[in-house]
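Enquirer: coords below, sequence missing:
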């Protein structure tokens, strides 16, 4: 395969004859030649091409080039006299592959992110969304690199499931039943025995439960895949379809879970700083001028750690007035999480030992009977980035927690088997990949950091 512009600019020198492929960002005519800015998506930077008027197809094609047209250019690198670029390419041959007509929607002007969402099939061609895509790809690779280097095994957990991990019921139903003529039981309810799987099935909200099964066989595993929540939420922090990273570790307590989570987040911050500096500098300049400083702080500073009880005391002792009042037993809201990370500690904070009533059934109960060994990693500007816990490994206590949560233990028979056959202490967490991308790019809406966002009322593309 031919070299991309990013690689060519790093290894080439004045006088080299090269060939590039890409799309026209701008064209400017100056007498008997044209300046054409080309970008191939490999970096935030493109390459300026000087096309002389004596080329055979200059009048017929080059002089009519429009933004969005695709080209292959062969020529010689020369020193650029313009600002902001070391090289420009003196074209010897230009092949036009595809013209973009005048109604091409990405002209040289600022477009709102809301408008770009309407043309999500084209928005990766913009500077902002192209940079998001590169950072997303880079961080995705870093996730696999981090866990592979530490002896974890990647497990592909099912997307279709009959288990509700969170017990909240906000799941998308998967069925082949005809909604116009569903089979009925004697009491006129839908007969799911006639459905494809013989019982109600849904899209997964988490791969955690299945991940635990493999952690209790392989020791250390992680999942990285799509998850789905059928919540009618239209906030800038929620999607109906998003990606989760969920490590699970056998013979691990809450302290081990917190240590792994902190090491993971700091590793990712270091990785993106080292490998995507040009894109981060773009975000820092154009989107949010705290992007670089926030990531550098995360990479270099140990996280603060406080109990939930201490967090509530801090929130109540300050002069800050919150929209949502705090009291022991309440769930922390984004405004509380941001106050702790941005005002009190000025860095990420891990909050642990939450009240059992606001956490999931599988979390291990503390000796006080009131709190569970749960933890959240909170980061500036985003709030909660990670949620995790030490899992309840005692069979009878887990059954009791299920009943308290209104769950039927018969639906989780296989999960309870893990507590009967060689049960062991274990724990893990989930990191929302799109929230990590919000942190890394400075984007304000989570719909901008996933290629084709799914949210209430929208499933285009």
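Expert: Sure, I can see it. What you see is a predicted model; the values in this text were computed from it and never measured. Numbers count the residues shown, from 1 in each chain.

Enquirer: wait, residue 213 sits on residue 418?
Expert: Yes. Contact criterion CB atoms under 8 Å: residue 213 and residue 418 qualify, at 6.1 Å. (Each C-beta comes from the backbone N, C-alpha and C, glycine too.)

Enquirer: Between those two, which has more neighbouring residues?
Expert: residue 418 (22 against 17; other CB atoms under 10 Å).

Enquirer: Would you check that the more buried one makes contact with residue 215?
Expert: No. The pair residue 418 / residue 215 is not scored as a contact, 9.4 Å apart, by CB under 8 Å.

Enquirer: name the element the residue of the chain most remote from its centre belongs to?
Expert: Within the chain, the residue lying farthest from the chain centre (CA atoms, centre = their mean) is residue 54, at 48.6 Å. When elements are assigned from DSSP states H and E, residue 54 belongs to no helix and no strand.

Enquirer: I'd like the numbering to begin with 23 instead of 1 from here.
Expert: Right, with 23 as the first residue, what we last looked at is residue 76.

Enquirer: Strands of the stretch 73-222 of the chain, start to end?
Expert: Along the stretch 73-222 of the chain, the segments classed as strands by DSSP state E, counting those that start in this stretch run 92-101, 109-120, 175-176, 182-183, 195-196.

Enquirer: Tell me which residues are up against the fourth one.
Expert: Applying CB atoms under 8 Å, 6 or more residues apart in numbering, the set of residues contacting strand 182-183 from outside is 196, 219, 223-226, 232.

Enquirer: strand partners of it, parallel vs antiparallel please.
Expert: Here strand 182-183 has these sheet partners by DSSP bridges: strand 223-225 (antiparallel).

Enquirer: which of the residues in the strand it pairs with are buried?
Expert: 223-225 (16 or more other CB atoms under 10 Å).

Enquirer: all helices for this protein, in order.
Expert: Per DSSP state H, the chain carries helices over the ranges 27-33, 135-140, 149-171, 230-240, 276-297, 299-308, 313-322, 330-339, 356-360, 417-426, 435-442, 455-463.

Enquirer: Dump those to JSON lines, plus distance to residue 253 and mean pLDDT.
Expert: Below are the helices of the chain laid out as JSON lines (distance: least, CB to CB, whole Å; pLDDT from 0 to 100):
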{"stretch": "helix 27-33", "distance to residue 253": "39", "mean pLDDT": "87"}
{"stretch": "helix 135-140", "distance to residue 253": "19", "mean pLDDT": "95"}
{"stretch": "helix 149-171", "distance to residue 253": "23", "mean pLDDT": "98"}
{"stretch": "helix 230-240", "distance to residue 253": "18", "mean pLDDT": "97"}
{"stretch": "helix 276-297", "distance to residue 253": "24", "mean pLDDT": "98"}
{"stretch": "helix 299-308", "distance to residue 253": "28", "mean pLDDT": "97"}
{"stretch": "helix 313-322", "distance to residue 253": "28", "mean pLDDT": "97"}
{"stretch": "helix 330-339", "distance to residue 253": "24", "mean pLDDT": "96"}
{"stretch": "helix 356-360", "distance to residue 253": "15", "mean pLDDT": "96"}
{"stretch": "helix 417-426", "distance to residue 253": "22", "mean pLDDT": "94"}
{"stretch": "helix 435-442", "distance to residue 253": "23", "mean pLDDT": "96"}
{"stretch": "helix 455-463", "distance to residue 253": "15", "mean pLDDT": "98"}
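
Enquirer: Packed most tightly, which of those helices would that be?
Expert: helix 455-463 (a mean of 24; mean count of other CB atoms under 10 Å).
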